[in-house]
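no sequence for this one, just the structure:
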């Protein structure tokens, strides 16, 4: 059997039953990975021709043209095929780790958002924009995005309270400084592409600001010269946070441009009013050659994805992280 890897154009001899990620790594093909268990999404690639068998969840055959993105770590080769791996010059390899951290600080950011700071004896290697699984107790486990830099000596998360939410209720009402927290990660594909030199669009809804902050902080620390246009959408002025951080970053990084958009029309509002996606649509006609990072509630991320695509950003250059609320 033959596996053709695009865009490298390499042809590899393989056997039926071979794992796609293992084949790529054994042949020196650069590919992102982390957990190797189908959870992090980092090794996502595209089937162009042929079929592979996905073993994540219910096993299924993936054909070109019908949900043709697969996770390499969960994919078994069954016949000749052509696979496209994304951006071979932007590979990240952070082997998944489990850290035993403790709560260093819990701070109020708004009436329903807390800043959680964790300290661990060992660092967590991650790319800006990724997330980790936090386990506060065996019954209280949820994913949250890092807001800081990989080189920080602490891990920072922003957590919004979900009414009747079991995990957020625990964080807001019971978690204390000094409590242990199990950290697993990193995960996620909406990480900063450091080699891209063109303009960047960041759209953050609510606590979607956390991974966007990580991305902008890292781009600023690395002195990347990309124009960065950050749109921060919230429900009302009471939900705005992080303004001091954004102001400081804008003072350091003249290429950073921040727009805060509130959904409700308030008397004397100091910010733009309406949907954050509408503001982006009004401001830009052509976003070709841009990269987009979209983080927040699923409806916002879906709407932002459609707008980014309609303005000319290729789907493979739209990096989305949708935050799904849960009462569990």
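That came through, no problem. Keep in mind that what you see is a predicted model, and the values were worked out from it rather than measured.

what about the stretch 1-150 of the chain, any weak spots by pLDDT?
For the stretch 1-150 of the chain, applying pLDDT under 70 flags the ranges 56-67, 88-89.

Return the residues in contact with the residue most central in space within the chain.
In the chain, the centroid-proximal residue (CA atoms, centre = their mean) is residue 190; its distance is 3.3 Å. Residue 190 sits next to 129, 130, 211, 293, 294, 295, 319, 320, 321 when contact means CB atoms under 8 Å, 6 or more residues apart in numbering. In this view, the C-beta of every residue, glycine as well, is placed from N, C-alpha and C.

helix, strand or coil for it?
At residue 190 the chain is in coil, as set by DSSP: H, G, I helix; E, B strand; the rest coil.

same question, the one 4 residues further on
Per three-state DSSP, the local secondary structure of residue 194 is coil.

before we move on, what about the one 3 residues further on?
With three-state DSSP as the basis, the three-state label of residue 197 is coil.

domains for the chain, by residue range?
Recorded structural domains for the chain (assignment: automatic domain parsing) are 2-84, 97-187, 200-322.

Please tabulate the ones you listed in JSON lines and include mean neighbour count and distance to residue 90 as additional columns.
Below are these laid out as JSON lines (neighbours: other CB atoms under 10 Å; distance: least, CB to CB, whole Å):
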{"stretch": "domain 2-84", "mean neighbour count": "17", "distance to residue 90": "8"}
{"stretch": "domain 97-187", "mean neighbour count": "18", "distance to residue 90": "9"}
{"stretch": "domain 200-322", "mean neighbour count": "19", "distance to residue 90": "10"}
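
just how off-centre is stretch 39-57 within its chain?
19 Å (CA atoms, centre = their mean, to the nearest Å).

likewise stretch 86-106?
12 Å.

Could you tell me the end-to-end distance of it?
38 Å (CA to CA, to the nearest Å).

all helices of the stretch 1-150 of the chain, in order?
Applying DSSP state H, counting those that start in this stretch to the stretch 1-150 of the chain gives helices spanning 20-26.

Would you map the strands across the stretch 201-328 of the chain?
For the stretch 201-328 of the chain, the strands defined by DSSP state E, counting those that start in this stretch cover 228-234, 256-262, 272-273, 291-296, 318-322.

repeat for the stretch 51-200 of the chain
With DSSP E, counting those that start in this stretch as the criterion, the stretch 51-200 of the chain has strands spanning 52-54, 60-62, 69-71, 75-77, 81-84, 97-108, 113-119, 131-137, 140-145, 155-160, 180-187, 200-205.

what's the closest of those to residue 237?
When the strands of the stretch 51-200 of the chain are compared by CB to CB, strand 113-119 sits nearest residue 237, at 13.8 Å.

That closest one: partners in the sheet, and parallel or antiparallel?
Strand pairing for strand 113-119, using DSSP bridges, gives strand 97-108 (antiparallel), strand 155-160 (antiparallel).

Name the surrounding residues that touch it.
Applying CB under 8 Å, 6+ apart, the set of residues contacting strand 113-119 is 101-109, 134, 144, 147, 153-161, 171-172, 175, 181, 183, 206-207, 239, 241.

before we move on, what about stretch 305-318?
For stretch 305-318, contacts defined as CB under 8 Å, 6+ apart pick out 86-87, 201, 277, 280-281, 284-292, 294, 320.

and that stretch, average pLDDT?
Computed over stretch 305-318, the mean pLDDT rounds to 93.

what's the span of that stretch, first residue to last?
7 Å.

Same check on stretch 286-295?
21 Å.

Then stretch 140-153?
25 Å.

Run the chain-centre distance for it.
The mean C-alpha position of stretch 140-153 is separated from the chain mean by 11 Å, CA atoms, centre = their mean.

ok, now which ones touch the nearest residue to residue 295 once chain neighbours are set aside?
Spatial nearest neighbour of residue 295, excluding adjacent residues (CB to CB, 6 or more residues apart in numbering): residue 208 at 3.4 Å. Residues near residue 208 by CB under 8 Å, 6+ apart: 145, 294, 295, 296, 297, 300, 321, 323.

Just list the residues touching the third one, thanks.
Read that as residue 295. Residue 295 touches 129, 145, 190, 202-205, 208-212, 301, 320-323, counting by CB under 8 Å, 6+ apart.
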